[in-house]
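Participant: Predicted model and sequence follow; I will ask about them next.
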Amino acid sequence: GPAEPGELLLGTAAETEKLRKGAVAEAKKLRKGAATKAEELRLGAVAEAEELRPGAAAEAGELLLGAVAKASELRLAEAFEAADLRLDFEGAAQGDAALQSRLA
């Protein structure tokens, strides 16, 4: 005859449990696959970074040297400019003194 409601309920519970177990197994499999993929990507990225790092370090070193050289040039130029201005100022002061002594 027809199944009792209790039997239907048990059957549904068993079916649900089977589906849940299958879903858990599938999720674990996917997680493991994703972890493997992530590890491969990470290793690849590390390897790529290792390859790039020496080049980047060299480039950074060149930039640094260039910046130091540029700063030195600017400092020298400023020093010369300051010296020129000081000489101009001293010359003008001496000229003033000479003019004043002539006027006196």
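Facilitator: All right, it came through fine.

Participant: Quick check: mean pLDDT of the helix or strand harbouring residue 74?
Facilitator: Using DSSP states H and E, residue 74 falls within helix 5-103. The average pLDDT within helix 5-103 is 84.

Participant: Show me what that helix is packed up against.
Facilitator: Secondary-structure packing of helix 5-103 (3 or more Cβ pairs under 8 Å, 6 or more residues apart in numbering; DSSP states H and E): no helix or strand packs against it. Every residue, glycine included, has its C-beta placed from N, CA and C.

Participant: count of residues packed around residue 23?
Facilitator: 10 (other Cβ atoms under 10 Å).

Participant: same check, this time on residue 68
Facilitator: By other Cβ under 10 Å, the residues close to residue 68 number 10.

Participant: ok, it to residue 91 distance?
Facilitator: 34 Å (Cβ to Cβ, to the nearest Å).

Participant: Likewise for residue 6?
Facilitator: Using Cβ to Cβ, we find residue 6 at a distance of 116 Å from residue 91.

Participant: One more: residue 11?
Facilitator: Between residue 11 and residue 91 the computed distance is 111 Å (Cβ to Cβ).

Participant: can you check residue 53 too?
Facilitator: As defined by Cβ to Cβ, residue 53 lies at a distance of 56 Å from residue 91.

Participant: now residue 64
Facilitator: Here the distance between residue 64 and residue 91 works out to 40 Å (Cβ to Cβ).
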